[in-house]
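Participant: Fold the stuff below for me.
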Amino acid sequence: MTAIVETRSATIRRRLAHPVIDADGHDVEFVPALLELLREEGGPKAVERFTQLPGWYRHPPEERFARRMVRPPWWALPTRHTVDHATSVLPRLLEERMGEMGLDFTILYPSVGLAATHLPDPDLRRAVCRAVNRYHAEVFGPHRRTMAPAAAIPMHTPEEALDALNHAVGELGLRVLMMAGHVRRPLPGAEATGPHGSWIDNLALDSPYDYDPVWARCEELRVVPAFHSGGMGWGSRVSVTNYMYNHIGHFAAASEALCKALFFGGVTRRFPRLRFLFLEAGAAWAAWLLCDLVGHWEKRGGKAIENYDPRLLDRSLLAELLARYASPVQEPYLGRLKEHVAHLWPDVQDRSRLDDFSEAGVSSVAELVDRFVPSFAFGCEADDPTNAWAFDTRVLPEGARLRAVGGVGSLVEMCHGGRFRRDVQVSEGG
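Facilitator: As a prediction, this is how the structure comes out:
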């Protein structure tokens with residue numbers, strides 16, 4: 001299997017003057033090897049706990065409904081083409097086939113270890129993340145010229161994240177991150193567990209922790225914070241029986257929540273050189289978010305919020321107009337104007353917090369776009385027809401173009417930190 005099979009992707013690649021990078025691929029861990037590393041990191045009990053099926057499958061239907069258990073993934077990996085599955089497991093085979101895929105370089109995220117950063121038990125979480133990172137560093141080590149595996153970085157506390165960063169990047173030499181995009185934290189005193197007794201910490205806005213040291217360490221290590229966390233179990237994505245109902249749109253929902261937090265929390269203002277990557281969610285939500293941010297800023301950002309100041313209301317004129325035009329239903333209550341005003345405009349004691357855009361530090365639409373567009377990149381699937389919205393300068397404010405990066409087969413060049421190395425070439429024969 002050393003020859004490059006002629007494919008449409010390979011034909012297109014030969015016409016291009018730039019490298020093609022798969023920025024959101026996945027490998028499938030060879031489970032026995034991963035579990036042995038987990039045994040070394042956490043002992044036999046860690047292996048036993050990690051290999052248990054998701055709780056949903058161990059409970060009868062009546063209990064699933066009684067506890068409103070969210071249906072998790074099942075049969076997540078295709079099986080029809082065995083060679084393709086083997087390609088996702090074996091780096092050397094993947095390297096041989098990259099030419100037929102039209103790829104020069106691929107960035108690979110875990111599959112079995114995808115949820116490692118969100119495991120609720122701190123000891124198991126740390127052990128699984130370390131095992132996943134060791135596995136990828138060892139298996140992909142000989143193939144650094146054509147592929148880079150992602151390190152699983154838990155974010156429950158800044159200290160845990162820094163420890164994982166120093167181990168994965170500093171010791172193991174991994175160059176790509178898969179950071180948890182949120183942390184589900186228990187509500188104080190809540191009896192219920194899961195989504196009914198917890199809240200979502202998006203790491204940058206209203207968090208109990210300061211994650212600036214983590215972003216600063218990413219800058220020092222010259223790595224991009226990339227996020228592959230989902231939103232199943234949030235909001236309406238809590239079906240007990242239907243996985244697809246929970247799955248559709250969940251990566252975009254989680255990405256939007258974090259992206260907004262990074263913007264409104266001022267992270268893009270404090271770290272303008274840092275780039276944040278959101279994976280497997282497309283760019284349509286980002287185009288919508290940018291337009292929404294601009295629209296809301298124009299109405300309620302900066303000095304525009306003063307248009308809503310109740311002190312500007314001419315109460316004498318309002319009383320006069322009410323007396324002149326009130327309907328029979330309203331007339332008996334005209335003497336209660338003060339009550340009407342107090343209900344519509346509650347008294348705000350801290351007026352310094354009225355501008356929700358203050359932490360983002362923007363004073364114009366152009367500045368808002370500059371806080372957003374250079375700071376974020378968005379992983380797009382090759383078969384997503386809405387990818388084009390990232391480049392629609394007719395719609396996006398200030399003629400912006402979003403930084404879309406491609407999944408397998410999507411001929412989109414990843415742009416971060418300058419041009420990609422020009423000496424990377426198509427692998428012929430591995």
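Participant: rest of the way, CA atoms for contacts and neighbours
Facilitator: Will do.
Participant: biggest helix in the chain, by residue count?
Facilitator: helix 122-140 (DSSP state H).
Participant: How about residues contacting that helix?
Facilitator: Residues outside helix 122-140 that contact it (Cα atoms under 8 Å, 6 or more residues apart in numbering) are 33-35, 37-38, 41-42, 46, 50, 91, 110, 113, 116-119, 147-154, 164, 168, 172-174.
Participant: repeat for stretch 345-362
Facilitator: 263-269, 297, 300-302, 305, 310, 368, 371.
Participant: Can you mark which positions in that stretch are buried?
Facilitator: The neighbour-count check on stretch 345-362 (16 or more other Cα atoms under 10 Å) flags 354-362 as buried.
Participant: How about stretch 370-390?
Facilitator: Neighbour counts over stretch 370-390 (16+ other Cα under 10 Å) mark 370-382, 387, 389-390 as buried.
Participant: Could you report the distance from the most centrally placed residue in the chain to residue 231?
Facilitator: In the chain, the centroid-proximal residue (Cα atoms, centre = their mean) is residue 255; its distance is 3.5 Å. Counting by Cα to Cα, to the nearest Å, the gap from residue 255 to residue 231 is 8 Å.
Participant: again, but for residue 27
Facilitator: 22 Å.
Participant: May I have the phi/psi pair for residue 218?
Facilitator: Per-residue torsions, residue 218: phi -60, psi -40 (degrees, to the nearest 10).
Participant: Just give me the neighbour total for it.
Facilitator: 20 (other Cα atoms under 10 Å).
Participant: do the same with residue 304
Facilitator: By other Cα under 10 Å, neighbour count at residue 304 equals 14.
Participant: for it, what are its contacts?
Facilitator: Neighbours of residue 304 in contact, by Cα under 8 Å, 6+ apart: 297-298.
Participant: Please repeat the previous calculation with a cut-off of 10 Å.
Facilitator: Counting by Cα atoms under 10 Å, 6 or more residues apart in numbering, residue 304 touches 296-298, 355.
Participant: ditto for residue 401
Facilitator: Neighbouring residues of residue 401 by Cα under 10 Å, 6+ apart: 287, 373-374, 388-395.
Participant: same thing but 8 Å
Facilitator: When contacts are counted by Cα under 8 Å, 6+ apart, residue 401 touches 373, 390-393.
Participant: Now do the SS call for it.
Facilitator: coil (DSSP: H, G, I helix; E, B strand; the rest coil).
Participant: so what's it scoring on pLDDT?
Facilitator: We have a pLDDT of 96 for residue 401.
Participant: now the one 10 residues further on
Facilitator: Residue 411 is assigned a pLDDT of 30 by the prediction.
Participant: Which strand or helix spans the residue lying farthest from the centre of the chain?
Facilitator: In the chain, the residue that sits farthest from the middle, by Cα atoms, centre = their mean, is residue 324; the gap is 54.7 Å. Using DSSP states H and E, residue 324 sits within helix 315-325.
Participant: helices or strands next to the next helix or strand after that helix in the packing?
Facilitator: The helix or strand immediately downstream of helix 315-325 is helix 337-344, counting by DSSP H and E. Helix 337-344 is packed against no helix or strand, with contacts defined by 3 or more Cα pairs under 8 Å, 6 or more residues apart in numbering; DSSP states H and E.
Participant: Show me how far helix 337-344 is from its chain's centre.
Facilitator: Its chain's average C-alpha position is 42 Å from that of helix 337-344, according to Cα atoms, centre = their mean, to the nearest Å.
Participant: any residues touching the helix or strand that comes right after that helix, and which ones?
Facilitator: Counting by DSSP H and E, the next helix or strand C-terminal to helix 337-344 is helix 365-372. Around helix 365-372, the neighbours that count as contacts under Cα under 8 Å, 6+ apart are 263, 268-269, 272, 290, 294, 297-298, 360, 362, 397-398, 400.
Participant: ok, so of those residues, who is nearest residue 16?
Facilitator: Using Cα to Cα, residue 400 comes nearest to residue 16 of the contacts of helix 365-372, at 24.1 Å.
Participant: With adjacent residues omitted, what lies nearest to the closest one?
Facilitator: residue 393 (5.7 Å; Cα to Cα, 6 or more residues apart in numbering).
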